[in-house]
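With the input below, show me the fold.
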Amino acid sequence: MTTQLFNHASTPVVDGNLTPLGYEQITGLSTVKSLTVPSGARLALIQAETQNVRYRDDGTNPDANTGMLVASGSDVWYIGNLSAVRLIETTASAKVNVSYYK
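Coordinates of the predicted model:
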């Protein structure tokens, strides 16, 4: 599994003082879904479990061909405006697991 920790400017970040704030599993990604962000969360570990997914955080919805790709079986640390993140599957039956931290 590949894990990368980047801030919005793609600069590596090291933070050993993370406090877990919650978890969610997102399914039904044939339509665009948003994250359910717990109060105080400042970063999220987003994992594509069963199929590739794409996300955007710029106010435009992703589609199966446009957006940042998270390959099935990999994950990405997202640091930024978590409420702006939108997800969609590239192939049917995708699941996304998200853990939130402050």
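
and Tyr23, how many residues sit next to it?
Neighbour count of Tyr23, defined by other Cβ atoms under 10 Å: 12. No exception for glycine: its C-beta is placed from N, CA and C like everyone else's.

OK, contacts around it?
Applying Cβ atoms under 8 Å, 6 or more residues apart in numbering, we find Tyr23 in contact with 97-100.

and Thr91, which of the three is it?
Recorded secondary structure, Thr91: coil (DSSP: H, G, I helix; E, B strand; the rest coil).

Format the contacts of Tyr23 as JSON lines; extra columns: secondary structure and pLDDT.
Shown next, in JSON lines, are the contacts of Tyr23 (DSSP: H, G, I helix; E, B strand; the rest coil; pLDDT from 0 to 100):
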{"residue": "Asn97", "secondary structure": "strand", "pLDDT": "98"}
{"residue": "Val98", "secondary structure": "strand", "pLDDT": "98"}
{"residue": "Ser99", "secondary structure": "strand", "pLDDT": "98"}
{"residue": "Tyr100", "secondary structure": "strand", "pLDDT": "98"}
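
Show me which of the residues you listed are buried.
Buried by 16 or more other Cβ atoms under 10 Å: 98-100, out of the contacts of Tyr23.
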